[in-house]
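Participant: sequence below, structure please.
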Amino acid sequence: MSSYTIPMGPIHVVLEEPIYFKLQVEGETVVGLEINAGHSHRGIEFLAMQRNFYQNLTLTERVCSLCSNNHPFTYCMAVEKIAGIELPERAEFLRAIADEIKRIASHLFNIGLIPHIIGFDSFFMHAMELRETMQDLKETVFGNRMNLSVNTIGGVRYDITDEQSKYILKTLENLKKPLEEIAGIFKSNASIRRRTEGVGVLPLDKAAEYGVVGPVARASGIGYDVRVDNPYAAYDKLRVNAVTEKNGDAFSRQLVRLGEVAESISIIEQCLKQLPEGPTCPEAMPDIPAGEAIAKSEAPRGELIYYARTNGTAIPERLKWRVPTYPNWGALSVMLPGSKIADIPVVIGSIDPCISCTER
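Facilitator: Next up, the predicted model:
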C-alpha cells in the first residue's frame, strides 16, 4: 500500500483559522500527524502588559470570539483574588447568566458545523437558526451580538430588569422544543451516525494522559467540569450537572454539547429564579496591590486558566492564560490515526478548536 504525506493548511477550505497539519497516510487511512502552529500569533500577552487593568478588560475579550466572555470573566477573577475583592451576590448571578447564554450560542454553532462538514446543510441551517435566537437575545440584553462586555473588576456592567428577565425566560422556553427536535434528528439520522460514530475515538485512558478538557474530556467519560468541581461566581448555589458520554468519538462529543445546551438553559432559569437584589459593581475603581493569582472557569471548550502577577502599579506585570484547545489539539494525534481522509475535517471539527486564542 502506498504511503504519502498530505499537507493541510495553513489556509484550507475546511479550516476556520490558519494552522498547518502534516498528515501521513497509507492508502485512504491516516497513520500519523504533525501539527505546526504559530500562524495567528497576535502578541496579546505582551499588549496586556502595556495597558492598565481596566483597558485589559477590552483586550482580553478579543482573544476569542465564541468564548469571548470567559476571558475577561476569568481575568477579573484573578485580579479580584489578588485585591481581595468580594463580589456583590447579584453580580455573581449575573456573571453566570451571561456565561451560560454565551455557552448556548457557542455550542449551537459547533452542533451545526459537523453536519455541515458531512453535507447535511439543512441541519446546519436549523441549528444556526436556533443560534440566531440566542444572538438576538444577546443583542437585546447586552447590546452586542458577540462581545458582551459585561465584566468589570469587582462586578458586572449590566443589570436585568423584571421585563428583561421575562423576555429571557420566554426565549429559552421557545428554544426547548426545537432543541429536542434537532437532538432527535442528530441521534437518529443515519448519515450523521455513519460519519461520526466510531470516528476520531479518544479512549478514557488517552483522554486522561493528554489532559483534555471540556466536552472532549466529558465525551470520553471524564466528568470534570470547573463549574461543578471548582465552582466560581454563583455556581456553588446552583444545580449543575456535568454531561458525560463514554464512547469518546465525534458522535459522543456532539451529544455532550447538545446535553450542555439543555443544562445551560436550566442554569439560567435557576439564576433568574434566585437572583438576589443589591448592587452589581463597586462604587469606585479599586486599587490593585502587588501579588499573584490563578483563576479558572469552564469556557464552552473547557477549562480556561488565567495567571496574573501585579507589582502595585496600574499595569499588570505579567498576564498569561492557558486555553482549552491547547491540550485538546494534542489529542488529535490519537484521534486521527485510523481515520479515513474524508473523516479528517469531522474529527478536527469535533474538538471545536480555536486557533486564535491558543496562539494569542
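
Participant: please make it C-alpha for all contacts and neighbour counts, starting now.
Facilitator: Will do.

Participant: which stretches in this structure count as strands?
Facilitator: 3-8, 20-26, 29-36, 151-152, 155-156, 291-299, 302-310, 318-322 (DSSP state E).

Participant: right, and those - which one's nearest Ala127?
Facilitator: Of all the strands of the chain, strand 291-299 sits nearest to Ala127, with 20.3 Å by CA to CA.

Participant: just checking, what packs against that closest one?
Facilitator: In this structure, strand 291-299 makes packing contacts with helix 70-83, helix 226-229, strand 302-310, judged by 3 or more CA pairs under 8 Å, 6 or more residues apart in numbering; DSSP states H and E.

Participant: which of these sits most buried?
Facilitator: For the helices and strands packed on strand 291-299, the largest average neighbour count (mean count of other CA atoms under 10 Å) is found in helix 70-83, namely a mean of 25.

Participant: so for that helix, what's the average pLDDT?
Facilitator: For helix 70-83, mean pLDDT rounds to 96.

Participant: same question for stretch 312-326.
Facilitator: pLDDT averaged over stretch 312-326 gives 93.

Participant: how about stretch 89-97?
Facilitator: Stretch 89-97 comes out at a mean pLDDT of 97.

Participant: on that earlier part again, in TSV: the strands of the chain, plus distance to Leu66.
Facilitator: Shown next, in TSV, are those (distance: least, CA to CA, whole Å):
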stretch	distance to Leu66
strand 3-8	24
strand 20-26	22
strand 29-36	23
strand 151-152	16
strand 155-156	20
strand 291-299	9
strand 302-310	12
strand 318-322	16
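
Participant: who wins for proximity to Ser122 among these?
Facilitator: Closest to Ser122 of those is strand 3-8 (CA to CA; 27.1 Å).

Participant: for Ile341, give me its contacts.
Facilitator: Counting by CA atoms under 8 Å, 6 or more residues apart in numbering, Ile341 makes contact with 28-30.

Participant: show the buried residues in the residues you listed.
Facilitator: Buried by 16 or more other CA atoms under 10 Å: 29-30, out of the contacts of Ile341.

Participant: so how far is Glu359 from Ala37?
Facilitator: 8 Å (CA to CA, to the nearest Å).

Participant: who has more neighbours out of these two?
Facilitator: Between Ala37 and Glu359, counted using other CA atoms under 10 Å, Glu359 has the larger neighbour count: 19 against 15.

Participant: excluding chain neighbours, what is closest to that one?
Facilitator: Closest residue in space to Glu359, ignoring its immediate chain neighbours: His41 at 5.2 Å, by CA to CA, 6 or more residues apart in numbering.

Participant: repeat for Val346
Facilitator: Leaving aside its sequence neighbours, Val346 sits nearest to Ile114 (CA to CA, 6+ apart; 6.2 Å).

Participant: correct me if wrong: that neighbour contacts Ile351.
Facilitator: No - proximity of Ile114 to Ile351 does not meet the contact threshold set by CA atoms under 8 Å, at 10.3 Å.

Participant: any idea how far Gln270 is from the closest residue to Leu272 other than its chain neighbours?
Facilitator: Nearest non-adjacent residue to Leu272, counting by CA to CA, 6+ apart: Ser165, 6.7 Å away. Ser165 sits 12 Å away from Gln270, taking CA to CA as the criterion.

Participant: thank you, goodbye.
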